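S.K.: Attaching a predicted model along with its sequence, questions to come.
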Amino acid sequence: MNASTHPLRKYMRPHVTRTTTCPGCGIGTVSQAILRAVDRLKWDMDDCVFVAGIGCSAWIPTPLYNADTLHTTHGRPLAFATGVKVALPDKHVLVVSGDGDLSAIGGNHLIHAARRNIDITVVLVNNSIYGMTGGQAAPTTPKDTKTVTSPYGFTEHSFNLSELVKAAGASYVARWTTAHTVQLSNAIKAGMEKKGFSFIEAVSQCPVQYGRASGQRSARGMLKAYLENSISVKKAAKLSAETLAGKIVVGEFQNIDKTEFTDALADIRRIAQGGG
Ligand SMILES: Cc1ncc(C[n+]2csc(CCOP(=O)(O)OP(=O)(O)O)c2C)c(N)n1
Ligand code: SF4
Ligand SMILES: [Mg+2]
């Protein structure tokens, strides 16, 4: 490693020399926030298994990270990750994928993994759209947005994903944006340290597809808007839903201790084997 090599370069596959994302995309910021958390925890990448679905955001672990990675089918990373964690409970299992992948086609896996409280850390990149496939509306797309699949405006109400996963029972839930790089990485680190299901929603700019839909095509403008429109969980708790319209509530939504799924399975196995 020469003096100009980035300190996180050691966590990346040596052959990777450039990113496949569009200029200004927030995915680079999220991928760095994850590696910064790994670095601060002094985790060995050989002890980590990263699992992704399909989409632009799912391209974070593969090809970037020098660890075992599973690039799975659309919507199914949590099903694969559950299998990995149950078979290899000592591994750090992390899922990195998009809002469409994890909350549309993969929505059921998300709520049930949270309900079971399996020790998996999920980093969901929420860019409010299906980015990779050309800008179709997702369950996270704000109402009335004109997308390629809603040319007259999206008629549906959108999910509040952090509230959804909190209600489903996850041990740890936090939301930050790519304009809050330090807080985002701190939350990912806290989620990685937490025993149980942890969910970090990274609100991230897609200046190309969501930019086309929202009319805001500048990454800088999107990041500025994230900062201007963010409000803490604590402050938001005192405000009405009407006042919060258009705001991004950021911070820790949940941090609780409860029985973890693979520990509960180990207890059952002991009982079944006559261990009492
Ligand atoms: C079963 C199946 N249905 C649909 C697709 C097409 N598809 C691939 S990625 C994607 C959406 C990805 O959106 P998101 O998860 O938000 O990722 P982003 O590209 O925005 O990061 C869709 C619909 C697919 N690959 N497989
Ligand atoms: S389409 Fe959007 S999410 Fe995908 S790489 Fe480009 S800017 Fe990023
Ligand atoms: Mg998306």
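M.R.: Structure received. Ligands and ions are numbered 1, 2, ... in the order given.

S.K.: Quick one: mean pLDDT for stretch 12-23?
M.R.: The average pLDDT within stretch 12-23 is 94.

S.K.: now stretch 126-133
M.R.: 98.

S.K.: do it and ligand 1 meet at all?
M.R.: Yes: using CB under 6 Å from any ligand atom, stretch 126-133 comes into contact with ligand 1 via Asn127, Ile129, Tyr130, Gly131, Met132, Thr133. Backbone N, C-alpha and C define where each C-beta goes, glycine included.

S.K.: What about ligand 2: which of those touch it?
M.R.: Asn127, Gly131, Met132.

S.K.: any chance of these in CSV, with secondary structure too?
M.R.: Output for these, formatted as CSV (DSSP: H, G, I helix; E, B strand; the rest coil):
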residue, secondary structure
Asn127, coil
Gly131, coil
Met132, coil
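
S.K.: Keep only the residues you listed that also lie close to ligand 3.
M.R.: By CB under 5 Å from the ion, the members of those lying near ligand 3 are Asn127, Gly131.

S.K.: which parts of stretch 174-193 are buried?
M.R.: 174-180, 183-192 (16 or more other CB atoms under 10 Å).

S.K.: Paired strands for the host helix or strand of Arg175, with orientation please.
M.R.: Using DSSP states H and E, Arg175 sits in strand 172-177. Looking at strand 172-177 with DSSP bridges, its partner strands are strand 198-203 (parallel), strand 248-255 (antiparallel).

S.K.: Most tightly packed of the ones you listed?
M.R.: strand 198-203 (a mean of 29; mean count of other CB atoms under 10 Å).

S.K.: rewinding a little: neighbouring contacts of the strand holding Arg175?
M.R.: Strand 172-177 is contacted by residues 161-162, 165-166, 183-184, 187, 190-191, 194, 196-204, 223, 226-227, 230, 248-256 when judged by CB atoms under 8 Å, 6 or more residues apart in numbering.

S.K.: Equivalent analysis for stretch 144-155, please.
M.R.: For stretch 144-155, using CB under 8 Å, 6+ apart, the contacting residues are Ser128, Ile129, Gly134, Gly135, Gln136, Ala137, Thr141, Pro142, Lys143, Ala213, Ser214.

S.K.: Distance from the chain centre to that stretch, please.
M.R.: Computed by CA atoms, centre = their mean, to the nearest Å, the chain-centroid distance of stretch 144-155 equals 25 Å.

S.K.: Ends of it, what's the gap?
M.R.: Across stretch 144-155, the terminal residues are separated by 6 Å (CA to CA, to the nearest Å).

S.K.: Check whether it comes close enough to ligand 2 to count as a contact.
M.R.: No: residues of stretch 144-155 are not located near ligand 2 by CB under 6 Å from any ligand atom, the shortest gap being 12.4 Å.

S.K.: Does that stretch reach ligand 3?
M.R.: No: using CB under 5 Å from the ion, stretch 144-155 stays clear of ligand 3, coming no nearer than 11.5 Å.

S.K.: what comes up buried for that stretch?
M.R.: Thr145, Lys146, Thr147, Ser150, Phe154.

S.K.: Ok, stretch 128-135 next?
M.R.: Ser128, Ile129, Tyr130, Gly131, Met132, Gly135.

S.K.: Can I get it in CSV? Just the C-alpha atoms.
M.R.: Coordinates of each C-alpha in stretch 128-135 appear next as CSV, following Å, rounded to 0.1, in the frame of the first residue of the first chain:
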residue,chain,number,x,y,z
SER,A,128,-37.2,6.2,-3.7
ILE,A,129,-37.2,4.4,-7.1
TYR,A,130,-36.3,1.4,-9.1
GLY,A,131,-33.0,2.8,-10.3
MET,A,132,-31.3,0.1,-12.3
THR,A,133,-34.4,-0.9,-14.4
GLY,A,134,-35.1,2.7,-15.6
GLY,A,135,-37.0,4.6,-12.9
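
S.K.: Now do that stretch: everything it contacts.
M.R.: 54-57, 98-100, 136-138, 140-142, 145, 147-148, 158, 206, 208-210, 212-213.

S.K.: Apply 10 Å and report the result again.
M.R.: 21-22, 25, 27, 54-59, 74, 98-101, 104, 125, 136-142, 145, 147-149, 158, 203-206, 208-214 (CB atoms under 10 Å, 6 or more residues apart in numbering).

S.K.: What subset of those residues is buried?
M.R.: 21, 25, 27, 54-59, 74, 98-101, 104, 125, 136-142, 145, 147, 158, 203-206, 208-214.
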